[in-house]
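Engineer: Here is the input, now give the coordinates:
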Amino acid sequence: MKHLSTKACAYGVVLLLSHMIAAHAMLDPIDFLALQSIRKSLNDLPGSNYFASWDFTSDPCNFAGVYCDGDRVIALNLGDPRAGSPGLTGRIDPAIGKLSALAEFTIVPGRVFGTLPHTLSQLKNMRFLAISRNFISGEIPAGLGQLRSLQTLDLSFNQLAGSIPFSVGNLPGLSNVILCHNRLVGSVPPFASRSLTRLDLKHNYLSGSLSPVGLPPSLQYLSLSWNKISGPVDRVLSRLNRLNYVDLSSNRFSGCIPGNVFSFPISNLQLQRNEFSGPVQPLDQVRIPTVDLSFNRLSGGLSPLFSTVQNLFLNNNRFTGEVPGSFVDRLLSASIEILYLQHNYLTGIEINPTVEIPLSTSLCLQYNCMVLPVQTPCPLKAGRQKTRPTAQCIRWKG
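Structural biologist: From the prediction side, this is the model:
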């Protein structure tokens, strides 16, 4: 009986080994070993069971997040993609570079830390690289500029430092670059891709000025807010006539705002908290729903072409003269929802003091060179002073 039991056990081991060999034979051995290394360097956060299916006695092409074409891994989406899932922790193993057929690599939000492996530059077929909302640190490897097929690069909401490699800007097929909410420094590199539609670099420490030809006309979404970028943008913006969203707020941009930008198909134009100066003259009636030019050094009279804007922020500038009657008409018809003109040098507005401003409209006129004809609630940041001191008005007018 003991002899039979031993033979049965040996037979079972042979069957198990045969099964493992057959399963592994479905995947390239190099890819198989790379997946093992990647698994060892990452773990589920408490509450996640993403790696439960990663049993290396079975076919890795059936693992959660692993997609194969033949015997090669072509996509690796690590972590449970459902919103609110706990995500993963650990590091990205350099063995990722061994998956030479990999075209897509993503990691869901979690607590993955450490640096980006330089071996990522070996993935010549990579088209989609997205590792956002984790704790990735260090610099963006310049070797990513070797990924000539890369279309989407999303490394947002991490702790990346250093500059954006110029080699990345030279990639010919980029369509989406999302590097916001990091600690990046240096200048915005010129982008060579003629198909780049989204560039999101907000909330970094970028500085320097923008190259007049550094951003391609294909751009539709541009966000550079909360950086330290300076210099003029008139030659940059005037070329980007496909933009539908622009946020350059909270920088140090200077010079004039080109009039043709107000004719672009933009839904939201955010240019506040910069150092823009001079008059603002749209070329035609402005159809942009939201325009924010507040906290700049803009001067001259208010163009009546702005009266068609639903939410208009012109406060904290140096505008002079009277508020055009077209603004009043649009206010009273409730076509304007927000009109902030406080903290300028405006001298009047023709509005009947007894008229009722629609409840859906928010109007603020305080701290100008006029006696307020109507009393309307203003934001707390506007302060308590209703009228600008006469001496300031005389000095500015003079």
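Engineer: only C-alpha atoms for contact and neighbour calcs from this point on.
Structural biologist: OK.
Engineer: Can you give me every residue that contacts residue 110?
Structural biologist: Residues near residue 110 by CA atoms under 8 Å, 6 or more residues apart in numbering: 45, 86-89, 133-135.
Engineer: Just give me the closest of the residues you listed to residue 341.
Structural biologist: residue 133 (38.0 Å; CA to CA).
Engineer: Quick check: the gap between that closest one and residue 262.
Structural biologist: Applying CA to CA, to the nearest Å, the value for residue 133 to residue 262 is 34 Å.
Engineer: out of these two, which sits in the busier spot?
Structural biologist: Counted by other CA atoms under 10 Å, residue 133 and residue 262 do not tie: residue 262 has more neighbours, with 23 against 19.
Engineer: so the more buried one sits in a helix?
Structural biologist: Yes. Secondary structure of residue 262 (DSSP: H, G, I helix; E, B strand; the rest coil): part of a helix.
Engineer: That one contacts residue 288, doesn't it?
Structural biologist: Yes. With contact defined as CA atoms under 8 Å, residue 262 counts as touching residue 288 (7.1 Å).
Engineer: okay, which residue is most central for this structure?
Structural biologist: Among the residues of the chain, residue 200 comes closest to the average C-alpha position under CA atoms, centre = their mean, at 3.3 Å.
Engineer: tell me the contacts of it?
Structural biologist: 177-180, 221-224.
Engineer: now do residue 271
Structural biologist: Neighbours of residue 271 in contact, by CA under 8 Å, 6+ apart: 246-250, 292-294.
Engineer: What's the end-to-end length of stretch 67-75?
Structural biologist: End-to-end span of stretch 67-75 (CA to CA): 5 Å.
Engineer: same check, this time on stretch 353-373
Structural biologist: 5 Å.
Engineer: buried residues in it?
Structural biologist: 357, 361-370, 372 (16 or more other CA atoms under 10 Å).
Engineer: Just the ones in strands from those residues, please.
Structural biologist: 362-364 (DSSP state E).
Engineer: mind putting the contacts of residue 271 in CSV, neighbour count included?
Structural biologist: Formatted as CSV, these follow (neighbours: other CA atoms under 10 Å):
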residue, neighbour count
246, 21
247, 19
248, 22
249, 23
250, 21
292, 19
293, 23
294, 24
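Engineer: Just the ones in strands from these, please.
Structural biologist: Among the contacts of residue 271, the members falling in strands (DSSP E) are 246-247, 292.
Engineer: I'd like those written out as JSON lines, with pLDDT added.
Structural biologist: Formatted as JSON lines, those follow (pLDDT from 0 to 100):
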{"residue": "246", "pLDDT": "97"}
{"residue": "247", "pLDDT": "98"}
{"residue": "292", "pLDDT": "98"}
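Engineer: show me where this structure has helices.
Structural biologist: Along the chain, counting by DSSP state H, helices occupy 2-24, 29-40, 166-169, 234-237, 325-332, 390-397.
Engineer: The fourth one - what's its average pLDDT?
Structural biologist: So that's helix 234-237. When pLDDT is averaged along helix 234-237, the result is 94.
Engineer: which other residues reach that helix?
Structural biologist: For helix 234-237, contacts defined as CA under 8 Å, 6+ apart pick out 210-215, 255-258, 261.
Engineer: hang on, the earlier thing: and the buried residues of stretch 353-373, which is closest to residue 339?
Structural biologist: residue 363 (5.0 Å).
Engineer: dump the residue contacts of the residue lying closest to that closest one once chain neighbours are set aside.
Structural biologist: In this structure, residue 363 finds its nearest non-sequential neighbour in residue 339, 5.0 Å apart by CA to CA, 6 or more residues apart in numbering. For residue 339, the contact set (CA under 8 Å, 6+ apart) comprises 311-314, 361-364.
Engineer: Swap in 7 Å and give it another go.
Structural biologist: Shown in contact with residue 339 (CA atoms under 7 Å, 6 or more residues apart in numbering): 311-313, 362-364.
Engineer: closest to residue 384 among the residues you listed?
Structural biologist: Closest approach between the contacts of residue 339 and residue 384, by CA to CA: residue 364, at 11.9 Å.
Engineer: picking up where we left off before, look up how far residue 110 lies from the residue nearest to the centre of the chain.
Structural biologist: Taken as CA to CA, the span from residue 200 to residue 110 is 21 Å.
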